[in-house]
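Chemist: Attaching a predicted model along with its sequence, questions to come.
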Amino acid sequence: MAAAASLIIVTVVLVVLLTQGNDPEPVAPAASSPSPATARPSPSPGPAVPEVAPGEILLEAGAQGLPVFDSPGAAEPSEELGQWSALGSRTTLMGFARESVDGEEWVQVELLGAPNHRTGWVRAADATVTSTDARIDVYLAEREVELTVGGEVSVLSEAVIGEDVSPTPLGVFWVTDVLDFTANPSGVYGAYALGLNGWSETLEEFNGGVPQIAVHGTDQPDVMGQAVSNGCVRLPNEVVTEIAETEGVGVGTPVVVHASRGA
């Protein structure tokens, strides 16, 4: 487990910050993205307003990957996503709207990498369509994270969020990979890291790689309630473990970042 975790940490990047001080943490895994690792994150075009509830439509890539089109009914894809993420999770996108063209169902999705909230369309027939009733909500003003399952609050916790120069981006995201670090819960990512499809909107790179955001653990609960990360959301180890090990939480789980509970 330790050797595997070390290999993962060398290969890909999640945006995180040491729980104390300004030194960067070692890199950790990020989901695969069609954008090059050196791409400059640009301002978000703005979160989509889903026509369907987050998690209602999840699209898992098949053996041939998942073609993405610019519009429903388009003849040729604009890009092709592979079947697997860089960490071996099945590539999964979240649906935000649906449309029927000539009797064929198309689903609008957001894509992976920078800029956040880029959209495209996929044919439902090209994917395995699933759903989840688990959902993670992050409330920045309150510095709180809430897990609901079936509409019922399962976990509520204080959290660490991004500092002013590298804020946690707003909008609807989803989990691309669940990384188990319980063999070394005192590491910089705590017991678990839930990699998301979103990137920092202020950092061009992080430690030479892509500035992917995540929800992850820490064994220093005294930093809870502070805005000191590079964009990631940190939770106490026991909380992130409870979330990651809740039935129904996994790749595809929506993570909705709000400015506040009243926004």
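Modeler: Everything's here; your move.
Chemist: Surely Val239 is in a helix?
Modeler: Yes: assessed with DSSP: H, G, I helix; E, B strand; the rest coil, Val239 lies in a helix.
Chemist: Need the nearest residue in space to it, chain neighbours excluded.
Modeler: Leaving out its chain neighbours, the residue that sits closest to Val239 by CB to CB, 6 or more residues apart in numbering is Ser157, at 4.4 Å. Where C-beta positions appear, they are placed from N, C-alpha and C, glycine not excepted.
Chemist: Tell me the neighbouring strands of the helix or strand harbouring the one you found, and mark each as parallel or antiparallel.
Modeler: For Ser157, the element it lies in under DSSP states H and E is strand 152-158. Counting by DSSP bridges, the strands paired with strand 152-158 are strand 144-149 (antiparallel).
Chemist: who does the residue nearest the centre of the chain bridge with?
Modeler: The centre of the chain sits closest to Leu196, judged by CA atoms, centre = their mean, with a distance of 1.3 Å. Taking DSSP bridges as the rule, Leu196 bridges to Val175.
Chemist: Now for Ala141, how many residues are close by?
Modeler: Other residues near Ala141 come to 12 when the count uses other CB atoms under 10 Å.
Chemist: give me the number of residues near Glu152?
Modeler: As a burial measure, Glu152 scores 8 neighbours (other CB under 10 Å).
Chemist: Provide the partner residues of it in its beta bridges.
Modeler: Beta-bridge partners of Glu152, as defined by DSSP bridges: Val149.
Chemist: Low-confidence regions, the stretch 1-150 of the chain specifically.
Modeler: Low-confidence segments of the stretch 1-150 of the chain (pLDDT under 70): 1-50.
Chemist: returning to that earlier point: would you mind confirming that the residue nearest to the centre of the chain makes contact with Val172?
Modeler: No: counting by CB atoms under 8 Å, Leu196 does not reach Val172; the two are 10.3 Å apart.
Chemist: Give me the common contacts of those two.
Modeler: Shared contacts of Leu196 and Val172, defined by CB atoms under 8 Å, 6 or more residues apart in numbering, comprise Val255.
Chemist: any chance you could map the helices in this protein?
Modeler: Using DSSP state H, the helices found in the chain span residues 2-11, 237-244.
Chemist: Convert the C-alpha atoms of the last one to CSV, please.
Modeler: Right, the one you point to is helix 237-244. Extracted C-alpha coordinates of helix 237-244, given in CSV (Å, rounded to 0.1, in the frame of the first residue of the first chain):
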residue,chain,number,x,y,z
ASN,A,237,-9.5,12.4,9.1
GLU,A,238,-12.4,10.8,10.9
VAL,A,239,-14.8,12.9,8.9
VAL,A,240,-13.3,12.3,5.5
THR,A,241,-13.1,8.6,6.3
GLU,A,242,-16.8,8.6,7.3
ILE,A,243,-17.7,10.3,4.0
ALA,A,244,-15.5,8.2,1.8
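Chemist: Need the mean per-residue confidence for that helix.
Modeler: Computed over helix 237-244, the mean pLDDT rounds to 98.
Chemist: Perfect, I'm done here.
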